[in-house]
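>>> Build me a model from this:
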Amino acid sequence: MNTLWVVIIIVIVLGVVVGNITLLKYSAKFKFPTPLKKKDDNQKKNGFEDEEDDW
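Numbers count the residues shown, from 1 in each chain. Have a look, this model is predicted:
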């Protein structure tokens, strides 16, 4: 394999790795808002929670 191709492949791999690390550092600064749940009156009276899964 030509030395030029080896250098190009190494540069591309290092670029992807450094780009992913930079993206992780940048995205770690974001604060996600906590969603507010509204309960209607029937659920409050009966003591039932939402039937949806909270993932």
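>>> use CA for all of it now, contacts and neighbours both
Noted.
>>> what's the lengthiest helix in the chain packed up against?
The single longest helix within the chain, with elements called by DSSP state H, is helix 3-27. The contact analysis (3 or more Cα pairs under 8 Å, 6 or more residues apart in numbering; DSSP states H and E) places helix 3-27 against no helix or strand.
>>> Which positions in that helix come out as buried?
For helix 3-27, burial by neighbour count (16 or more other Cα atoms under 10 Å) applies to no residue.
>>> Point out where this structure drops to low pLDDT.
39-55 (pLDDT under 70).
>>> can we see that at 90?
Filtered on pLDDT under 90, the chain yields the residue ranges 1, 27-55.
>>> List the contacts of the longest helix of the chain.
Under the contact criterion Cα atoms under 8 Å, 6 or more residues apart in numbering, helix 3-27 has no outside partners.
>>> Look up how far Val11 lies from Thr3.
12 Å (Cα to Cα, to the nearest Å).
>>> Over to Ile21?
Distance of Ile21 to Val11, computed by Cα to Cα: 15 Å.
>>> cool, and Trp5?
As for Trp5, its distance to Val11 is 10 Å (criterion: Cα to Cα).
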